[in-house]
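>>> Dropping a prediction and its sequence here:
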Amino acid sequence: MALIVAKFGGTSVASPERIKNVAKRLVKMRQRGDRVVAVVSAMGKTTDELVGLAAAINDNPPLRELDRLLSTGEQVSMALLAMAIEALGYKAMSFTGRQAGIETNGTHNKAKIVKVHNERIMEALACGYLPVVAGFQGIDENGDITTLGRGGSDTTAVAVAWGIGADVCEIYSDVDGIYSADPRVAPRARKLAQVSYDDMLELSSSGAGVLQSRAVEFARKWKVVIHSRSAFTEAEGTYIKEDSQMEEAVITGIAHDTSEVKVTIRGVPDSTGVAAKVFSGLAANAVSVDMIIQNISEDGFTDISFTCPEGDLSKAVDTLERVLPEIKAREFVVDKDIAKVSLVGTGMKSSPGVAARAFSTLGEHQINILAISTSPIRLSIVVDSAQATQAVQVLHTAFGLDSDSVFEETQLSAEEIAAKMAKGR
């Protein structure tokens, strides 16, 4: 008998039929003797629709009120799933973030979990209920509802798993695990049976969208085992846990991210404190800077480039328009047509030549490198967005990651999903 937290994403609960299928899956887990706690996201695109609804009322809605609005999406899912479980003859009880004991700090829209009070969930389990928890939300010390940011239901699931001492946190989505690259971009990408916390954290932070990086970070800190798997089949997925392999592969996977922009400040005086003024201003305006590149000084002037999420661009522009006159820089330019391609692998630490092979591979295919950033287990390269797909594919092949089979993406109807689950596949 295992204690399992099972989290289902928005596509898994996007319709009444899919919610019923999730209920059947949870009941099946109960029938084999496991104790289960479910965590759910909002149905389909509900969160986007709520954001749009708020924008139609107020161009700049108060974050406190926006959190109260957005939290309703998961509350709809949790109640419907509890009803579906009850319809199958099993007791279920739904919990909001507050009722589940998810305590956060007071940062609206991007709150962080500070404590998990597990009493009500454990009591419900002891009484034979199947608890269903609303993901993405919690409560701060003032009693206000907070949300955890995009993908926050993953973090809720991992936090609940830690709080109740679960054996595993199963995160169900429309993909069947972690691949060596996005299989829609690199069709010969292979599914990985296991990924270390460190590698998964780098992959998530570099653009792999299967798991939220904060959830992986939480799991690494508290040693929560994550099982990333499909909501539509019974196949084993990928386990994220402490790496027990004696020798790791040099490269675990390749992630790419097309959501960043590159900003270049030209004609920057090469003097002490200039860079500090620029990046202090960006930090004060909550701009998340990723890669930083400074050219060699010539005639007392240099260029400084950095990348940041496109969503932070307006704040970056506001900051630079204010700071540039102070530092007496000539101008700044924005390049939106970039992509970041990252090679990730714990084995890189003890394997020289990774950068050389990557650069020569890209050079052979006339793919120009715009910027480079490294860590002990990651090599990130910025290229033109039009060459991102080719860059992922040729690097995937060069580092021996290709599988023998070609990935085929399929879109299943609700009836096909139900049939697959009924057959236990």
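Alright, I've got the coordinates. Residues are numbered from 1 along each chain as shown.
>>> name the element the closest residue to Leu201 other than its chain neighbours belongs to?
With C-beta to C-beta, 6 or more residues apart in numbering as the criterion, Leu201 has its nearest non-adjacent residue at 4.7 Å, and that residue is Val216. Just so you know, the C-beta spots here come from the backbone N, C-alpha and C atoms, and that holds for glycine as well. Applying DSSP states H and E as the criterion places Val216 in helix 213-222.
>>> Can you give me the pLDDT of Val289?
Looking at Val289, its pLDDT is 94.
>>> same deal with Pro352?
86.
>>> quick one: low-confidence parts of the stretch 301-425 of the chain?
408-425 (pLDDT under 70).
>>> one more time with 90
346-352, 404-425 (pLDDT under 90).
>>> that's a helix at Ile296, yeah?
No: counting by DSSP: H, G, I helix; E, B strand; the rest coil, Ile296 falls outside a helix, being coil.
>>> from memory it sits against Thr302, does it?
Yes: contact criterion C-beta atoms under 8 Å: Ile296 and Thr302 qualify, at 7.0 Å.
>>> Neighbour count for the two, which is higher?
Neighbour count, other C-beta atoms under 10 Å: between Ile296 and Thr302, Thr302 has more, with 20 against 7.
>>> Based on its surroundings, how many neighbours for Ile398?
Just to correct that, residue 398 is Ala rather than Ile. Neighbours around Ala398, by other C-beta under 10 Å: 18.
>>> quick one: it from Leu282, how far?
Using C-beta to C-beta, to the nearest Å, we find Ala398 at a distance of 35 Å from Leu282.
>>> So which elements touch the helix holding Val216?
Helix 213-222 sits against helix 152-164, helix 197-205, strand 226-230, with contacts defined as 3 or more C-beta pairs under 8 Å, 6 or more residues apart in numbering; DSSP states H and E.
>>> Now render the ones you listed as CSV, adding mean pLDDT.
Shown next, in CSV, are the helices and strands packed on helix 213-222 (pLDDT from 0 to 100):
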stretch, mean pLDDT
helix 152-164, 97
helix 197-205, 94
strand 226-230, 96
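>>> The ones you listed: which one's closest to Phe136?
helix 152-164 (4.2 Å; C-beta to C-beta).
>>> got the CA positions of that closest one in CSV?
Only the C-alpha atoms of helix 152-164 are listed here, as CSV (Å, rounded to 0.1, in the frame of the first residue of the first chain):
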residue,chain,number,x,y,z
GLY,A,152,1.8,26.5,-9.6
SER,A,153,-0.4,23.4,-9.2
ASP,A,154,2.8,21.3,-9.7
THR,A,155,4.3,23.1,-6.7
THR,A,156,1.1,22.5,-4.7
ALA,A,157,1.3,18.8,-5.4
VAL,A,158,4.9,18.5,-4.4
ALA,A,159,4.3,20.5,-1.3
VAL,A,160,1.3,18.3,-0.3
ALA,A,161,3.4,15.2,-1.0
TRP,A,162,6.1,16.4,1.4
GLY,A,163,3.6,17.6,3.9
ILE,A,164,1.8,14.2,4.2
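>>> what angle do that helix and helix 197-205 make?
Angle, helix 152-164 to helix 197-205, by axes from the mean of the first three to the mean of the last three C-alpha atoms, to 10 degrees: 160 degrees.
>>> Run the chain-centre distance for helix 152-164.
With C-alpha atoms, centre = their mean, to the nearest Å as the basis, helix 152-164 stands 14 Å off its chain's centre.
>>> residues in contact with stretch 119-132?
Stretch 119-132 is contacted from outside by 26-27, 30, 35-40, 78, 81-82, 85, 90-95, 99-101, 133, 160, 163-164, using C-beta atoms under 8 Å, 6 or more residues apart in numbering.
>>> how near is the residue lying closest to Ile178 once chain neighbours are set aside to Glu170?
If the residues on either side of it in the chain are set aside, Ile178 comes closest to Thr238, at 4.0 Å by C-beta to C-beta, 6+ apart. Look at Thr238 and Glu170: by C-beta to C-beta, they are 11 Å apart.
>>> swap in Leu211?
12 Å.
>>> Find residues that contact each of these two.
By C-beta under 8 Å, 6+ apart, the residues touching both Leu211 and Glu170 are Ile226.
>>> burial count for the residue lying closest to Glu364 once chain neighbours are set aside?
Using C-beta to C-beta, 6+ apart and skipping residues adjacent in sequence, the residue nearest Glu364 is Val394, 7.8 Å away. For Val394, the number of neighbouring residues by other C-beta under 10 Å comes to 18.
>>> Output the helix or strand that contains Val394 as CSV - backbone C-alpha positions only.
Taking DSSP H and E as the criterion, Val394 maps to helix 388-398. Provided in CSV are the C-alpha atoms of helix 388-398 (Å, rounded to 0.1, in the frame of the first residue of the first chain):
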residue,chain,number,x,y,z
ALA,A,388,16.3,27.0,-33.2
THR,A,389,14.7,23.8,-34.5
GLN,A,390,17.7,22.9,-36.6
ALA,A,391,20.0,23.7,-33.7
VAL,A,392,18.1,21.3,-31.4
GLN,A,393,18.1,18.6,-34.0
VAL,A,394,21.7,18.7,-35.0
LEU,A,395,22.9,18.9,-31.3
HIS,A,396,20.6,16.0,-30.4
THR,A,397,22.2,13.9,-33.1
ALA,A,398,25.8,15.0,-32.3
